[in-house]
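Colleague: Sequence and computational prediction follow.
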Amino acid sequence: MNKKNNLILLLITVLIFAVFAGFFVYPGNFGNKIRPWRLGLDLVGGSHLIYEVDMSQIASGDRDSVMNGLREVIERRVNLFGVSEPQVVSAKEGDSYRLIVELAGIKDINEAINEIGLTPFLDFREVFEGENAAGEIEAQFIPTDLNGRYIKTAQISFNQTTGAPEVDIQFNDEGAKIFEELTDRNVGKPLAIFLDNSLIEAPVVQEKISGGRAQITGKFTVEEARKLVQRFNAGALPAPINLISQQTIGASLGQESLKRAIYAGIFGTLAIIIFMLVYYRRLGIFASLALIIYILLTAAVFKLGITMTLAGIAGFILSIGMAVDANILIFERTKEEIKKGLSKMSAIEEGFRRAWPSIRDSNISTIITSIILYYFTSSFIRGFALALLIGVIISMFSAIIITRTMLRVFVKN
């Protein structure tokens with residue numbers, strides 16, 4: 001009796017979660033107050049930006065790490081200005097490195113574009129005197145490995161003599177080592193500091209500087225120095241970028257596609273339920289209930305932490321069809337065992353036991369495929385793969401735990 005009571009308690013708990021999930025995922029007042037749905041660019045519209053990355057000063061072996069750093073910096077910067085769930089994807093076309101930025105729900109993004117485009121590119125350059133084409137002596141600036149990608153923190157300070165604002169920066173361990181070597185070989189020489197390819201200061205190095213601390217002085221206002229500090233702390237760009245394309249996407253087409261996808265999901269689910277009821281009769285009732293619970297729980301997981309796109313919805317709908325595969329395997333095995341003369345409960349337990357290896361292997365193969373698609377592709381394909389992966393994992397719980405629990409509670413010999 002204790003075992004039966006535990007099963008009933010488990011079933012009631014699952015039903016409570018399913019009911020709450022139903023209220024949570026429904027786009028009404030209750031669900032939206034807790035957490036609104038996060039929809040992608042293809043559903044709510046927004047802006048699609050393409051940036052070209054200047055890799056001329058970056059060694060070929062460092063370019064992949066620079067692209068990863070750029071992607072992280074731009075995501076942080078866009079989030080600072082209230083753009084939720086920015087999609088930042090790197091791409092390469094020939095010798096051109098590009099970043100594709102999708103800002104869902106943002107129509108007037110001039111400020112966000114400016115902040116992305118105006119992020120400072122800081123670099124240090126050695127100064128040498130050489131002759132130009134006319135035979136005149138002029139300063140030549142030689143780029144070094146030290147730039148804004150090595151900045152750990154930045155803060156504003158004020159000159160004790162003039163009261164002018166200054167920017168104090170602290171390099172990370174790798175940057176501190178480069179800075180120390182740079183100052184060591186340039187003692188008595190100027191070391192130029194460039195911001196966005198503009199010379200702002202060329203102080204003379206008095207001695208080797210350890211600890212990775214540097215100071216930027218210039219004709220800054222307090223507000224300019226404060227913005228500079230904010231941008232450095234959010235992440236300095238490891239390479240310059242240039243906006244080459246901007247496109248505003250309307251939401252009307254996405255909303256129409258969303259309605260059609262929802263209708264397709266509803267009609268597909270009804271068709272599956274009708275088939276299960278007609279073909280498996282009483283067993284089909286339990287499978288249908290488990291399928292509805294599966295849909296509610298999966299939708300709740302999606303709403304908690306995933307930005308939904310059309311591709312993600314397609315993966316979700318596909319997983320609904322796959323969710324009943326396990327039940328079909330179990331029920332067919334159960335029917336075979338009943339024909340052998342086993343009682344209903346014994347046949348059901350044997351059906352689950354014999355069907356489990358097939359269910360496990362088929363779902364693992366789908367999970368592996370989804371993981372490969374997620375990590376080796378980009379854009380909407382990743383959304384499809386993630387939705388399918390989550391759907392398959394929850395469907396295993398639905399078939400093995402929920403359906404089995406209902407059968408154990410309600411089916412009698």
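Modeller: Good, I have the coordinates.

Colleague: what's next to stretch 325-343, contact-wise?
Modeller: 276, 280, 283, 287, 290-291, 344, 346-348, 350-352, 354-355, 358-359, 362-363, 395-396, 398-400, 403, 413 (CB atoms under 8 Å, 6 or more residues apart in numbering). Every C-beta, even on glycine, is put in place using the N, C-alpha and C of the backbone.

Colleague: quick one, what contacts the most centrally placed residue in the chain?
Modeller: The chain has Gln87 as the residue nearest its centroid, 6.9 Å off, counting by CA atoms, centre = their mean. Taking CB under 8 Å, 6+ apart, we find Gln87 in contact with 40-41, 100-102, 104, 307, 379.

Colleague: Low-confidence ranges, the stretch 1-150 of the chain, go.
Modeller: Along the stretch 1-150 of the chain, the model assigns pLDDT under 70 to residues 1, 29, 31, 76-86, 105-109, 111-112, 114-120, 131-135.

Colleague: From the contact counts, what lies against the host helix or strand of Ala139?
Modeller: Per DSSP states H and E: Ala139 is located in strand 137-147. Other elements packing on strand 137-147 under the criterion 3 or more CB pairs under 8 Å, 6 or more residues apart in numbering; DSSP states H and E are strand 122-131, helix 173-184.

Colleague: Identify each buried residue in it, please.
Modeller: In terms of neighbour count (16 or more other CB atoms under 10 Å), strand 137-147 has its buried residues at 141, 144-147.

Colleague: what's the answer for stretch 314-334, then?
Modeller: Buried positions in stretch 314-334, judged by neighbour count with 16+ other CB under 10 Å: 314-320, 323-331, 333-334.

Colleague: So which of the contacts of stretch 325-343 sit within helices?
Modeller: The helices, defined by DSSP state H, take in 276, 280, 283, 287, 290-291, 344, 346-348, 350-352, 354-355, 358-359, 362-363, 395-396 from those.

Colleague: Against Arg408, how distant is Gln87?
Modeller: Going from Gln87 to Arg408 by CB to CB, to the nearest Å gives 45 Å.

Colleague: same deal with Thr144?
Modeller: Distance, Thr144 to Arg408, by CB to CB: 71 Å.

Colleague: next one: Leu195
Modeller: 70 Å.

Colleague: ok, now Ile359?
Modeller: Look at Ile359 and Arg408: by CB to CB, they are 18 Å apart.

Colleague: what's near enough to touch Phe17?
Modeller: Phe17 makes contact with Leu297, according to CB under 8 Å, 6+ apart.

Colleague: Can you give me the buried ones in the helix or strand in which it is found?
Modeller: Element membership for Phe17 (DSSP H and E) is helix 2-25. The neighbour-count check on helix 2-25 (16+ other CB under 10 Å) flags 7, 11, 14, 18, 21-22, 24-25 as buried.

Colleague: can you tell me which of these lies nearest to Gly163?
Modeller: The shortest approach to Gly163 among these belongs to Phe24, at 55.9 Å (CB to CB).

Colleague: so the closest one touches Asn32, yeah?
Modeller: No - applying CB atoms under 8 Å as the test, Phe24 and Asn32 come out as separate, 9.9 Å apart.

Colleague: In helices only, show me the buried residues of stretch 314-334.
Modeller: Among the buried residues of stretch 314-334, the ones falling in helices (DSSP H) are 314-320, 323, 325-331, 333-334.

Colleague: which residues touch the residue nearest to Thr217 when sequence neighbours are not counted?
Modeller: Leaving aside its sequence neighbours, Thr217 sits nearest to Glu166 (CB to CB, 6 or more residues apart in numbering; 4.8 Å). Applying CB under 8 Å, 6+ apart to Glu166 gives the contacts 156-159, 215-217, 220, 225.
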